[in-house]
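pasted the sequence and its predicted model underneath.
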Amino acid sequence: MAAQIFSAIFVIIVGVGGCVAYFWGANKLVDLIFPSRGVAGAAAIDNLRRQGLVRPWLFVGPAMIILTIYLIYPVVETLRLSFLDRGGINFVGFANYEWAFGDREFRNSILNNIIWLAVVPAACTFLGLIIAVLTDKIWWGTIAKSLIFLPLAISFVGASVIWKFIYEYRGEGQTQIGILNAIIQHFGGQPQVWISLPFWNNFFLMVILIWIQTGFAMVILSSALRGIPEETLEAAVIDGANPFQIFWKIMVPQIWGTIAVVWTTITILVLKVFDIVLTMTNGQWNSQVLANLMFDWMFRGGGDFGRGATIAIIIMIAVIPIMVWNIRQANKETGGH
Amino acid sequence: MAVATGNSFASRFGVHIAVLVFVAIWTIPTLGILVSSLRDKNQIIASGWWNSFSSSTQTEAGRLPAASTQVEKDGKFVLEGNIFGDGAKRNISAFGVKSAAPTQYPASTTADLGDGVTLLLNADGSFVMASPKAFEGDRGQRVYYASSAPPKFTTDNYKTVLFSEGIGRSFMNSLTVTIPATVIPILIAAFAAYALAWMRFPGRALLIAVIIGLLVVPLQMSLIPLLKLYNGVGSFFGMPSKTYLGIWLAHTGFGLPFAIYLLRSYIAGLPREIMESARIDGASDFEIFVKIVLPLSFPVLASFAIFQFLWVWNDLLVAMVFLGTEADQIVLTAKLNALLGSRGGDWEILTTSAFVTIIVPLIVFFSLQRYFVRGLLAGSVKGG
């Protein structure tokens, strides 16, 4: 353990020191090769121009190398692997894709993912918006927001334990230690094993993600709401609009762009959701999702890289529209700069 | 914000209630594991945590002493004593002698066990068992009783999970993973962000577009190729493929797009005049970056550091793929996941471990919430 701590400290020093040394050294090197001071006018201008050509690449170089190894190459390689067999050696054409769409578990995952996509972003955005509007009106709104925001800092695994404890089931008539079943039993209902309840168990897993992500939606929408010009609201009040009309017809249309951002951000998160399903059910009782299925196939029976890669590609395909939209939005904004 | 007048009192009251309900729903789950982690492990299963401040009732079984301790009194053979022995006393509300009916008789009543045998069990645990015939055998009568114990809070669960369940070691492992994986990307990203914001070079717009595209690439796309790459590199150099170095680099790679994106949008917003006057004074790009941009960018660097710290600390997927499951490498999230499998019903272990897992993010979150929120807003609103 001491060795481990020592090596971690060593890495921080070497990593940071290495970065500093690289950037400083590379910069010095450019100055040495193309000196701009102490040479004749024309040569100096020439060298300055050359410096300007080289230096940006020294600055972005390390980031580009790491991004290439860790993200760009893997994307290409995963696409290639999805056409190969389990060991990644023989070409099998579309066999993995054909397998996927014939596989019961895969189709179940797709269906569940669609339900997750339909419910979670909508629920988070809706609840986040409502809470943002309500907390803006009261003096202890900041404290309330902090508390609702708090689950965002909790890991999915930690949140799963928290909610597993809420869904805990004891036989009928026994003392329920899970608060949900205790409430149900208190009002004369029948306690349930929530996470194995066919179909509905998906929703009990979704609640966890909604619980985590509502704070995110709330914070972003709350700041957008504050950006609404006061005059538009005052004008609406003078015209006799009631609070619901103000909310739906004045406020919501003005923050439509932000709502879209929140919605897409959570959508991407939902596509990648893995930890919650792994820790709560591991895909049992028809609660499988793509990301967990992919993880499963990476290691199942020694690992099937072809099928795993195929599932990853399916997730990627679902993300591409959002990716394109993001890039176009960003281009529009930074076009001038 | 303007609120319609008229029914303003009722509507304001309603707002308070509604927010209170939301806050309750969002905090009660976390409160549940915090309270449970501090409870005695027998009480956790005996009553819900929301009852933890009142006495909990549980059904237990005990055995009366063997026949050898009997005394003869008034022509009857009598066994006397206290069912709790020398142990802690609890309050008995009912008792029985059959496991099917453990609370058949209220405390302090005399139960007729047949053949003239009677048993009296008082609330304080003292008992008198009498019989016209001598008791026989060296195994005493089995007695079931419902007792209520006063609320008991303890830090024993924390001692257990930290020192004998391996959570303490995992805590160190998590720190080992998280700190370098948070620090290393910052400088790399900052230089790239400056170049992308303030230096002109061909391909810059394309690079920015690539980084915004990479922001949303699912991690799942990287796992298999990197696993293969790590295995290949490991066997080539004859080293294990699951190392801390491997996961530090992996987290650096996965964190870079967001880091560059966040820092770039901030650095691009710094006032142009400062840069230009520095340039006129003869400062190079390197000097401008180190002496002007880095100090001015402190808030956004802090935002990113918090994000990356929380992300790495809370990550399960990357840790499960790139680190081993032995004690010297397993991080908190993976350990908690393993405990969910191996200690499924032991809520004193699970709640306590979960709380140890989330306490660091909560502290970071509460102390640095300002930077966290700022990063969140810059990261998602401006870029779209």
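Cool, got the structure.

for the chain, which spans come out with low pLDDT?
Going with chain A. Counting by pLDDT under 70, the ranges of chain A that qualify are A:1, A:334-337.

switch to chain B, that's the one I care about
Within chain B, the ranges that satisfy pLDDT under 70 run B:1-7, B:56, B:86-88, B:379-384.

who touches whichever residue of it sits closest to chain A in this structure?
In chain B, the residue that lies nearest chain A is residue B:253 (2.6 Å; CB to the nearest CB). Any C-beta I mention is one placed from the backbone N, CA and C, and that applies to glycine too. Going by CB atoms under 8 Å, 6 or more residues apart in numbering or on different chains, residue B:253 touches A:66-67, A:69-71, B:222.

among those, which one has the most neighbours?
Within the contacts of residue B:253, residue B:222 tops the neighbour count with 26 neighbours, counted by other CB atoms under 10 Å in any protein chain shown.

which element is it on?
Taking DSSP states H and E as the definition, residue B:222 sits inside helix B:220-237.

what residues of that helix count as buried?
B:220-230 (16 or more other CB atoms under 10 Å in any protein chain shown).

domain-wise, how is the chain divided?
As the question left the chain open, I've gone with chain A. Using automatic domain parsing, the domain ranges for chain A come out as A:2-81, A:98-334.

sorry, should have said chain B
Split by automatic domain parsing, chain B gives B:8-52, B:56-149, B:158-382.

rewinding a little: other residues contacting the helix holding residue B:222?
Contacts of helix B:220-237 (CB under 8 Å, 6+ apart): A:69-71, A:73-75, A:77-78, A:81, A:88, A:272, A:291, A:294-295, A:298, A:305, A:308-309, A:311-313, A:315-316, B:239-242, B:246, B:250, B:253-254, B:317, B:321-322.

returning to what we had before: how about the helix or strand the residue of chain B closest to chain A falls within: buried residues?
For residue B:253, the host element (DSSP H and E) is helix B:244-267. Residues of helix B:244-267 classed as buried by neighbour count (16+ other CB under 10 Å): B:244, B:246-267.

equivalent analysis for stretch A:125-138, please.
A:125, A:127-135, A:137-138.

of the residues you listed, which are in range of chain B?
Under the cut-off given by CB under 8 Å from any CB of the partner chain, chain B has A:127, A:131, A:133-135, A:137-138 from the buried residues of stretch A:125-138 close to it.

now, these that are in helices?
Of the positions in those, A:127, A:131, A:133-135 sit in helices, assigned by DSSP state H.

include distance to residue B:70 when you put those into a markdown table, please.
Shown next, in a markdown table, are these (distance: CB to CB, whole Å):
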| residue | distance to residue B:70 |
| --- | --- |
| A:127 | 68 |
| A:131 | 69 |
| A:133 | 76 |
| A:134 | 71 |
| A:135 | 71 |
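
contacts only, for residue B:302.
Per CB under 8 Å, 6+ apart, neighbours of residue B:302: B:368, B:371.

apply 10 Å and report the result again.
Residue B:302 is in contact with B:186, B:368, B:370-372, B:374-375, counting by CB atoms under 10 Å, 6 or more residues apart in numbering or on different chains.

check the offset of the strand or helix carrying it from the chain's centre.
Following DSSP H and E, one finds residue B:302 within helix B:298-314. Here helix B:298-314 is found 20 Å from its chain centre; the criterion is CA atoms, centre = their mean, to the nearest Å.

send the alpha carbons of it over as CSV?
As requested, the backbone C-alpha atoms of helix B:298-314 are provided in CSV (Å, rounded to 0.1, in the frame of the first residue of the first chain):
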residue,chain,number,x,y,z
PHE,B,298,-8.4,29.4,-12.5
PRO,B,299,-12.2,29.2,-12.0
VAL,B,300,-12.7,27.1,-15.1
LEU,B,301,-9.8,24.9,-14.2
ALA,B,302,-11.3,24.3,-10.8
SER,B,303,-14.7,23.5,-12.4
PHE,B,304,-13.1,20.9,-14.7
ALA,B,305,-11.0,19.4,-11.8
ILE,B,306,-14.2,18.9,-9.8
PHE,B,307,-16.0,17.3,-12.7
GLN,B,308,-13.2,15.0,-13.5
PHE,B,309,-12.7,14.1,-9.8
LEU,B,310,-16.4,13.2,-9.3
TRP,B,311,-16.5,11.4,-12.7
VAL,B,312,-13.4,9.3,-11.9
TRP,B,313,-14.4,8.6,-8.3
ASN,B,314,-17.9,7.6,-9.2
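
just the buried positions in the next helix or strand after it, please.
Next along the chain after helix B:298-314, taking DSSP H and E as the criterion, comes helix B:317-322. By 16+ other CB under 10 Å, the buried positions in helix B:317-322 come out as B:317-322.

run a quick neighbour tally on residue A:110.
Counted with other CB under 10 Å, residue A:110 comes out at 19.

you'd agree it is in a helix?
Yes - assignment of residue A:110 by DSSP: H, G, I helix; E, B strand; the rest coil places it within a helix.

much appreciated, bye for now.
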